[in-house]
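# got a sequence here, can you build the structure:
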Amino acid sequence: MEGHKKFAFDLRRDYFDHGNCVGWTREGLEDQPGSGCAVLLSNGDEGDKSMEVGLRFKGTVFIDILGNNSTEVTIDDAGWGEFYVNGGSISLWVERKL
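Next up is the predicted model:
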């Protein structure tokens, strides 16, 4: 819930295209520093999804702040990233702060 209050602003995109691995993104607002996120849930095996977080994040790195997945995701020039989740887990991806 804390993650929702801090990061979940503006446009939401849902990725409910798999029975055991679902995700969504929130694009965030420029006037809300640190906002914007990607969430991936699995009630089965590990999984991954290509999801759009928005052009304002191109070239930035996202990390799982829950610490469930150590992969770093770099957002491409079109605003998309390949996000991962461990089996039976959840990952909350936000922009890595240097």
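# and the helices in this structure?
Secondary structure of the chain (DSSP state H): helices located at 2-7.
# pLDDT below threshold where in this protein?
Within the chain, the stretches falling below the threshold (pLDDT under 70) are 1-10, 98.
# residue farthest from the centroid of it?
Computed with C-alpha atoms, centre = their mean, the residue of the chain farthest from its C-alpha average is Asp31, at 19.3 Å.
# from Gly44, how far off is that one?
Separation of Asp31 from Gly44 (C-beta to C-beta, to the nearest Å): 38 Å. For glycine as for every other residue, the C-beta is placed from the backbone atoms N, C-alpha and C.
# same question, Gly81
As judged by C-beta to C-beta, Gly81 and Gly44 stand 22 Å apart.
# neighbour count: these two, which is higher?
The residue with more neighbours, out of Gly81 and Gly44, is Gly81; 24 against 11, by other C-beta atoms under 10 Å.
# go ahead and confirm Arg96 touches Ile63.
Yes. In this structure, Arg96 is within contact of Ile63 by C-beta atoms under 8 Å, at 4.7 Å.
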